[in-house]
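K.L.:
I'll drop the sequence and a predicted model, then ask my questions.
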Amino acid sequence: MPKIPGLGASSLAVGELRRRSARIRLLVLDVDGVLTDGGMYYGPQGEAMKRFDTRDGVGIVQAMEAGIEVAFLTREATPFAKARADKLGVTRCISGALDKASALKSLQREVGVEPAETAYVGDDLGDAPCIPMVGLFFTPEDGWLKGAKGIHVVLKKGGGKGAVRQAVNFLLDHRSRK
């Protein structure tokens with residue numbers, strides 16, 4: 001994959017990557033391994049915690065302010081994703097999605113977007129069925145999918161370490177270029 005300065009490696013030519021970015025109206029984000037580093041913290045009473053990157057949060061808000069619909073899509077059925085979504089003003093948070101492809105298809109229908117108008121950031125096997133269902137598929141540098149067929153961009157940043165912000169910045173930089 002050729003390197004794209006400031007972004008990572010892409011299977012697409014720069015012009016095609018920019019063209020696809022300009023069309024994005026829906027950004028779908030996995031949670032564990034994308035918005036978080038994939039780790040879970042447990043206290044002595046068994047309470048769990050997860051760490052989210054504040055800079056990713058700023059990027060999500062910027063995307064929404066620019067008119068891009070943002071949704072969280074996770075297999076986990078815990079309160080963490082909803083709490084983060086609420087904090088950022090993300091109104092679409094799908095938790096407990098064991099079949100992410102079906103959930104994505106329903107989400108696209110609900111929002112009224114075509115696959116070519118959808119970008120997705122995912123990192124693991126549960127996200128893989130969504131690869132052919134979107135115009136742009138990003139994965140963090142430390143994602144398990146970075147060698148998978150059909151991945152459009154392997155970001156320079158890791159999950160929970162700015163990968164989402166990096167994808168959002170690229171989408172916003174090329175939003176007005178058609």
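P.N.:
Nice, I can see it. Just so it is clear, the model here is predicted, and its values are computed rather than measured.
K.L.:
check contacts around the closest residue to residue 174 other than its chain neighbours.
P.N.:
On the basis of Cβ to Cβ, 6 or more residues apart in numbering, the spatially nearest residue to residue 174 that is not a chain neighbour turns out to be residue 21, at 3.9 Å. For every residue, glycine as well, the C-beta is placed using N, CA and C. Remark: with contacts taken as Cβ atoms under 8 Å, 6 or more residues apart in numbering, residue 21 is in contact with 119, 136, 170, 171, 173, 174, 175, 177.
K.L.:
give me phi/psi at the second one?
P.N.:
Dihedral angles phi and psi of residue 136 (degrees, to the nearest 10) take the values phi -140, psi 130.
K.L.:
Spell out, range by range, the strands that occur in this structure.
P.N.:
3-4, 8-10, 26-29, 41-42, 48-49, 69-73, 92-94, 118-121, 136-139, 153-155 (DSSP state E).
K.L.:
Columns distance to residue 129 on top of the ones you listed, output as JSON lines?
P.N.:
What follows is the strands of the chain, written out as JSON lines (distance: least, Cβ to Cβ, whole Å):
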{"stretch": "strand 3-4", "distance to residue 129": "25"}
{"stretch": "strand 8-10", "distance to residue 129": "21"}
{"stretch": "strand 26-29", "distance to residue 129": "13"}
{"stretch": "strand 41-42", "distance to residue 129": "29"}
{"stretch": "strand 48-49", "distance to residue 129": "27"}
{"stretch": "strand 69-73", "distance to residue 129": "12"}
{"stretch": "strand 92-94", "distance to residue 129": "15"}
{"stretch": "strand 118-121", "distance to residue 129": "11"}
{"stretch": "strand 136-139", "distance to residue 129": "11"}
{"stretch": "strand 153-155", "distance to residue 129": "18"}
